[in-house]
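S.K.: Show me the folded form of this:
(one chain, ligands or ions: 2)
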Amino acid sequence: MRIRRLPAALVNQIAAGEVVERPASVVKELLENAFDAGATRVDIEIAGGGRDLIRVSDDGRGIEPDDLPLAVESHATSKVVEASDLDAISTMGFRGEALASIAAVSRFSIESRVADREEAWRLEVSDTVRGEPTPTSGPVGTRVEVRHLFESVPARRRFLKSETAESTRVAEVVRTLALTRPSVTFKLVSGGRTLVDLPASDDPARRILGVLGTELEGRVVQVRGEIGDPGDDTLVTCWGLVGVPETARPTSRQQRFVLNGRAIGDRSLSHALKEGFRGLVEPGRHPVGVIHLEMSPSRVDVNVHPAKTEVRFRDARPLHGLVRRAVRAALVEADLARELPIGSESSAPPDPFDAAAPPPSRPDATVSGSGRSGFGGGGSVVAPRRSGTASPSVEALRAAIAPGPDAGSEIPSTSTAAEVLPTLVGSDAVLQVHDSFLVTQDEEGIVIIDQHALHERVMFEVLSRRIGEGDLESQRQLVPEIFEADPGQVEAIDLVQPLLKRLGIELTPAGPRSIAIHAFPSLLVSRRVEATPFVSELLEKVAAGELDRDDEEAALADVLDMMSCKAAVKAGDRLREAEIAQLLEMRDRIDRGASCPHGRPTHLRIPIPELERRFGRSTS
Ligand code: ADP
Ligand code: MG
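M.R.: Ligands and ions are numbered 1, 2, ... in the order given. Here you go, the predicted structure:
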């Protein structure tokens, strides 16, 4: 084949793949254009999850009719004039590609009116054929309509998820962008339902609580800090709100970073936030918060990624230190943490920026709100919570696993022979050590069992077997348990309805920000697992995309894991003799694998010859 130049329309369709992946990315580009046009209000309407319709209207400065054809042409922009402009980009857009790309894969129209004209002008692009601008009526501002997204690109269209899943993503994008512009009013309506309704506010904290959830009200701490020289472009300031440690979540979905008004994903900043909370949240949990950073645009390159969600800092390390210290200082000030001894930070990389610059002004911190009950007194570091109560009986569990005396033999083997433990020596005493480990003997030596890991393993087998027989048996609540949730969690319910049914969990939205639990698995109830935190964590994982929605069996295994962990006795639970005996008995019945579902071992064995060798008795 000879080499040919691609027609412009096809070039745009190919390029569209970079910018327009799904309805949410279209919405993002259109909102950014509205911001660049100085809009104070944006209205977003979608239908069919955005496949059928996306309409974004703003009250920004509009486009001159003569410019409309250029607006939809690729590499045409009003925002960058010469190469040096790229060194310090202060607008959201600059590539001049978004409208052209969107128009190449949809039936597209744009209507716009500038302030000093009587009429609006409209331009349509359909099947990559551009019309001519025609006059129409309409308010000052711009309205873009995108219909039948990807109709001409079936490969892309097939790639889209369900209507609910796509509208959930759109809502996430709108909320994230709303965090970057507290002074803009946002409204999102999907299929007639209002998903986002955020009035403009001159208090950025209002907007943060509006997005992250008002249940954080009174449970946040204000973070503030700066480094560099206020007199030049080395100045970096940071401001934000973080939730007190008890509001930490199982995923980092409720963490946002906004750099110069642009929402960015940045692992190093997430890490810095977490470091600020070091010792205050358990390893598996993530602090909640929104941090705004402002710096000279010349110190950051936003032209790294077509969708501009990643940025490159000229020097990232000072930012890490800034965020970490500002967060820590805020928590110390709020009496939620004690100052870390110098030594504990020695593992962090050195901070060359700090050494070079004049001593940074100490980040100051103020507490917003008053309610921060539930914390141990006088500035001590909060220790991970332990269940202080006596361990619940394992009776229910025993009943669950042993419907008949030979039930154990039905449990399918899941591991290799090498992992199987030899039977414990019958009547020997078992010692519980530090309320966490069981020490006993078998024919070969000393066996040390991690009580939580073993019980978790047992629970996993029980649950897997039960679910193999049908939906888990559930206990209905006489009065539904209602809890505050964030909208992402509410929307997640629909995404995993079939899975929930199998698990014996019945949920309904009880409002835009609350969820009702109608039924919860009996097995968990009998193990005193609290429904609200469990369901909340589960939905959070769904919303964060941590549960594979496309592979129900994989998702199921993950949830069973979660259930087993919550239902199992914990390290620190004192067990009664009978409970220990039952646990070991169940172990012998299951006894198929030597590791808990997370892959940690459930037991260790020290063989007698090893003991002899260590005590210097060995003759060999
Ligand atoms: P970019 O934003 O990178 O310049 P776009 O393709 O998104 O590229 O937009 C092209 C041009 O159209 C912009 O530079 C701007 O001049 C104009 N434009 C697009 N959307 C709007 C809007 N909502 N209000 C005013 N002008 C707009
Ligand atoms: Mg743009």
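
S.K.: C-alpha from now on. contacts and neighbour counts both.
M.R.: Noted.

S.K.: Flag every residue of this structure that's near ligand 2.
M.R.: 33, 93 (CA under 5 Å from the ion).

S.K.: Write out the residues of the chain neighbouring ligand 1.
M.R.: 33-34, 37, 60-63, 71, 76-79, 93-100, 142 (CA under 6 Å from any ligand atom).

S.K.: Out of the residues you listed, name the ones that lie in strands.
M.R.: residue 142 (DSSP state E).

S.K.: Pull out the buried members of the residues of the chain next to ligand 1.
M.R.: 33-34, 37, 60-63, 71, 76-77, 79, 93-100, 142 (16 or more other CA atoms under 10 Å).

S.K.: By proximity to ligand 1, which residue of this protein wins?
M.R.: Per CA to the nearest ligand atom, the residue of the chain with the smallest distance to ligand 1 is residue 96, at 3.1 Å.

S.K.: ok, that residue - contacts?
M.R.: 71, 73-78 (CA atoms under 8 Å, 6 or more residues apart in numbering).

S.K.: Which one of these is nearest to residue 480?
M.R.: Nearest to residue 480 among the contacts of residue 96 is residue 71, at 52.9 Å by CA to CA.

S.K.: isn't that closest one right up against residue 99?
M.R.: Yes - with contact defined as CA atoms under 8 Å, residue 71 counts as touching residue 99 (6.8 Å).

S.K.: distance of the residue of the stretch 1-150 of the chain found nearest ligand 2 from residue 298?
M.R.: With CA to the ion as the measure, residue 93 is the residue of the stretch 1-150 of the chain nearest to ligand 2, at 4.2 Å. Using CA to CA, to the nearest Å, we find residue 93 at a distance of 16 Å from residue 298.

S.K.: Could you list the low-pLDDT ranges of the stretch 251-400 of the chain?
M.R.: The stretch 251-400 of the chain contains residues with pLDDT under 70 at 306-309, 337-400.

S.K.: How many residues are close by the residue in the stretch 401-550 of the chain that ligand 2 sits nearest to?
M.R.: Of all residues in the stretch 401-550 of the chain, residue 488 sits closest to ligand 2, at 26.4 Å by CA to the ion. Counted with other CA atoms under 10 Å, residues neighbouring residue 488 total 21.

S.K.: Return the subset of the contacts of residue 96 lying in helices.
M.R.: Judged by DSSP state H, helices contain the following of the contacts of residue 96: residue 71.

S.K.: Is it possible to get JSON lines of the contacts of residue 96 that adds distance to residue 16?
M.R.: JSON lines is the format used below for the contacts of residue 96 (distance: CA to CA, whole Å):
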{"residue": "71", "distance to residue 16": "15"}
{"residue": "73", "distance to residue 16": "12"}
{"residue": "74", "distance to residue 16": "10"}
{"residue": "75", "distance to residue 16": "13"}
{"residue": "76", "distance to residue 16": "15"}
{"residue": "77", "distance to residue 16": "16"}
{"residue": "78", "distance to residue 16": "20"}
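
S.K.: okay, the contacts of residue 96 in TSV with pLDDT next?
M.R.: Output for those, formatted as TSV (pLDDT from 0 to 100):
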residue	pLDDT
71	94
73	89
74	83
75	80
76	82
77	86
78	85
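
S.K.: low pLDDT regions in this protein?
M.R.: Looking at the chain by pLDDT under 70, you get 127, 306-309, 337-428, 589-600, 618-620.

S.K.: Show me what the strand ranked longest in it is packed up against.
M.R.: Ranked by residue count under DSSP E, the longest strand found in the chain is strand 474-484. Counting contacts by 3 or more CA pairs under 8 Å, 6 or more residues apart in numbering; DSSP states H and E, strand 474-484 packs against strand 514-521, helix 522-526, helix 531-543.

S.K.: got the contact list for it?
M.R.: So strand 474-484 is in contact with 215, 504-505, 510, 513-523, 525, 532, going by CA under 8 Å, 6+ apart.

S.K.: And for stretch 39-55?
M.R.: By CA under 8 Å, 6+ apart, stretch 39-55 touches 23-24, 27, 31, 34, 56-61, 141, 143-150, 162-167, 170, 183-191, 200.

S.K.: Can you tell me which of the contacts of strand 474-484 are buried?
M.R.: 504-505, 513-523, 532.

S.K.: which of the residues you listed sit farthest apart?
M.R.: 513 and 523 (28.0 Å).

S.K.: burial count for residue 553?
M.R.: 12.

S.K.: Which of the three states applies to it?
M.R.: helix (DSSP: H, G, I helix; E, B strand; the rest coil).

S.K.: Quick check: the gap between it and residue 467.
M.R.: With distances taken as CA to CA, residue 553 is found 11 Å from residue 467.

S.K.: cool, and residue 205?
M.R.: 45 Å.

S.K.: for residue 26, same thing?
M.R.: 41 Å.

S.K.: out of these two, which sits in the more crowded spot?
M.R.: residue 26 (23 against 17).

S.K.: Tell me how many other residues crowd the nearest residue to the more buried one once chain neighbours are set aside.
M.R.: Excluding the flanking residues, the one nearest residue 26 by CA to CA, 6 or more residues apart in numbering is residue 20, at 5.9 Å. Residues near residue 20, counting by other CA under 10 Å, number 25.

S.K.: Which residue ranges of the stretch 51-200 of the chain form helices?
M.R.: All helices of the stretch 51-200 of the chain, identified by DSSP state H, counting those that start in this stretch, fall at 68-71, 98-104, 154-159, 163-180.

S.K.: which one is the residue sitting nearest the centre point of the chain nearest to, not counting chain neighbours?
M.R.: The chain has residue 253 as the residue nearest its centroid, 2.1 Å off, counting by CA atoms, centre = their mean. Nearest non-adjacent residue to residue 253, counting by CA to CA, 6+ apart: residue 544, 5.9 Å away.

S.K.: hang on, the one you found packs against residue 249?
M.R.: No - taking contacts as CA under 8 Å, residue 544 lies outside contact range of residue 249: 11.1 Å.

S.K.: between these two, who's got more neighbours?
M.R.: Remark: of residue 544 and residue 249, residue 249 carries more neighbours, 21 against 17, as counted by other CA under 10 Å.

S.K.: Surely the more buried one and residue 288 touch.
M.R.: Yes - if you go by CA under 8 Å, residue 249 and residue 288 touch, sitting 6.8 Å apart.

S.K.: shared neighbours of those two, anything?
M.R.: By CA under 8 Å, 6+ apart, no residue touches both residue 249 and residue 288.

S.K.: next structured bit after the helix or strand containing residue 274?
M.R.: In this assignment (DSSP states H and E), residue 274 forms part of helix 267-276. Using DSSP H and E, the helix or strand that follows helix 267-276 in sequence is strand 289-295.

S.K.: And that next one, what does it pack against?
M.R.: Using 3+ CA pairs under 8 Å, 6+ apart, strand 289-295 sits against strand 236-243, strand 255-259.

S.K.: who wins for proximity to residue 5 among those?
M.R.: Closest among the helices and strands packed on strand 289-295, once you apply CA to CA, is strand 255-259, at 39.4 Å.

S.K.: Surely residue 550 is in a helix?
M.R.: No - counting by three-state DSSP, one finds residue 550 to be coil, located in no helix.
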